[in-house]
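Engineer: Model the following, please.
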Amino acid sequence: MSVMTNLGHTTSLILGLPFDLARANYARAVRLGLIEHSMLKSARFAQELTEIERLTLGLWARRV
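Structural biologist: Residues are numbered from 1 along each chain as shown. Take a look at the predicted model:
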């Protein structure tokens, strides 16, 4: 891998950290019973958060 490729990958991981924290906090809230456990709501949350990440970070957004 080239230096630029590594730099781009590292940058996208760092910029994606707030979105990872949001996912972790959502999961923790479900486990604590603060949010209803629902596979549909969880999937919708994940899709919306992924879309927000793509809109916010543009080319720096991670691809799955």
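
Engineer: residues touching the nearest residue to His37 once chain neighbours are set aside, list them.
Structural biologist: Distances taken as Cβ to Cβ, 6 or more residues apart in numbering place Val30 nearest to His37, at 5.3 Å, with adjacent residues excluded. Every C-beta, even on glycine, is put in place using the N, C-alpha and C of the backbone. By Cβ atoms under 8 Å, 6 or more residues apart in numbering, the contact set of Val30 is 36-37, 42.

Engineer: which among those gets closest to Asn25?
Structural biologist: Set against Asn25, the nearest of these by Cβ to Cβ is Ser42 (12.9 Å).

Engineer: ok, now how distant is that closest one from Ile52?
Structural biologist: Ser42 sits at a distance of 16 Å from Ile52 (criterion: Cβ to Cβ, to the nearest Å).

Engineer: Compare those two and say which is more crowded by neighbours.
Structural biologist: Ser42 (16 against 13; other Cβ atoms under 10 Å).

Engineer: Phi and psi next, for that one.
Structural biologist: Main-chain torsions, Ser42, degrees, to the nearest 10: phi -60, psi -40.

Engineer: Next, the contact list for it, please.
Structural biologist: Contacts of Ser42 (Cβ under 8 Å, 6+ apart): 26, 30.

Engineer: where does it land on pLDDT?
Structural biologist: What the model reports as pLDDT for Ser42 is 96.

Engineer: what's around Thr56, how many residues?
Structural biologist: With other Cβ under 10 Å as criterion, Thr56 counts 13.

Engineer: can you check Glu53 too?
Structural biologist: Neighbour count of Glu53, defined by other Cβ under 10 Å: 20.

Engineer: Which strand or helix spans it?
Structural biologist: Using DSSP states H and E, the element containing Glu53 is helix 39-57.
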